[in-house]
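In: Return atomic coordinates for the entry below.
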Amino acid sequence: MPFDPSLFTEKLRHRDYDFLIPKKNISEIIFNGDEIILVVIKSQKTEIPDFTSFIISAMGTSGLDEWEMQNCSTMATDEKLMLQKTDDFQIYRKLDLTIETYLEGDLQYLYEVDTDPSKKGHGSEMCYAIETTTSFIYFYTSHFYY
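Out: Numbers count the residues shown, from 1 in each chain. Below you'll find the model as predicted:
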């Protein structure tokens, strides 16, 4: 089901229906001497009933609060643009995120998520929410600040 901002807002109001994402569904990889962190949150569709519930749970797992969730920007994109952006990121940062290894099934919906639209990116942060035929995936990178 495509992302619906009004459904997202409604589900945020009723957080008692959130789903817990177990630690086994979260992968964290640190690159470049502890500078870049990639976090991948992946759940099978049998574990969480819908994409919107997954996005809210994944955002909560990533540390966002309700205000940040409500104020993030979620824009539809396509696989080609996502792969181009991740390729550019990998070349600039000299690392290999291997995002493709986390994708299983055919892509159905793909969204780029800006968790803080008021802030200009540092070139180290990107975030995507993906629905495939078999799973939901939320991945983001962040910069480790000393």
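
In: residue ranges for the strands of the protein, please.
Out: All strands of the chain, identified by DSSP state E, fall at 26-31, 36-44, 73-76, 107-114, 126-132, 135-143.

In: Which of the ones you listed comes out lowest on mean pLDDT?
Out: Per-stretch averages of pLDDT across those put strand 26-31 at the bottom, with a mean of 87.

In: Could you spell out the sheet neighbours of that one, each with its direction?
Out: Using DSSP bridges, the strands paired with strand 26-31 in its sheet are strand 36-44 (antiparallel).

In: The strand it pairs with: which residues count as buried?
Out: Of all the residues in strand 36-44, those buried under the rule 16 or more other C-beta atoms under 10 Å are 36-43. To be clear about C-beta, it is placed using only N, CA and C from the backbone, and glycine gets the same treatment.

In: For Phe89, which of the strands of the chain is the nearest?
Out: strand 126-132 (6.3 Å; C-beta to C-beta).

In: Now do the closest one: which elements does it pack against?
Out: When contacts are defined as 3 or more C-beta pairs under 8 Å, 6 or more residues apart in numbering; DSSP states H and E, strand 126-132 packs onto helix 51-61, helix 79-93, strand 107-114, strand 135-143.

In: so which of those gets nearest Glu100?
Out: Nearest to Glu100, of the helices and strands packed on strand 126-132 and by C-beta to C-beta, is helix 79-93 at 8.1 Å.

In: Give the burial count for the closest residue in space to Pro5 that isn't next to it in sequence, as a bare number.
Out: The shortest distance from Pro5 to any non-neighbouring residue, by C-beta to C-beta, 6 or more residues apart in numbering, is to Thr74 (7.2 Å). If you count neighbours by other C-beta atoms under 10 Å, Thr74 ends up with 18.

In: And the lowest-mean-pLDDT helix or strand in the chain, what's buried?
Out: Ranked by mean pLDDT, DSSP states H and E, the helix or strand of the chain with the weakest confidence is helix 5-13, at a mean of 84. By neighbour count with 16+ other C-beta under 10 Å, helix 5-13 contains the buried residues 8, 11-12.

In: Much appreciated, bye for now.
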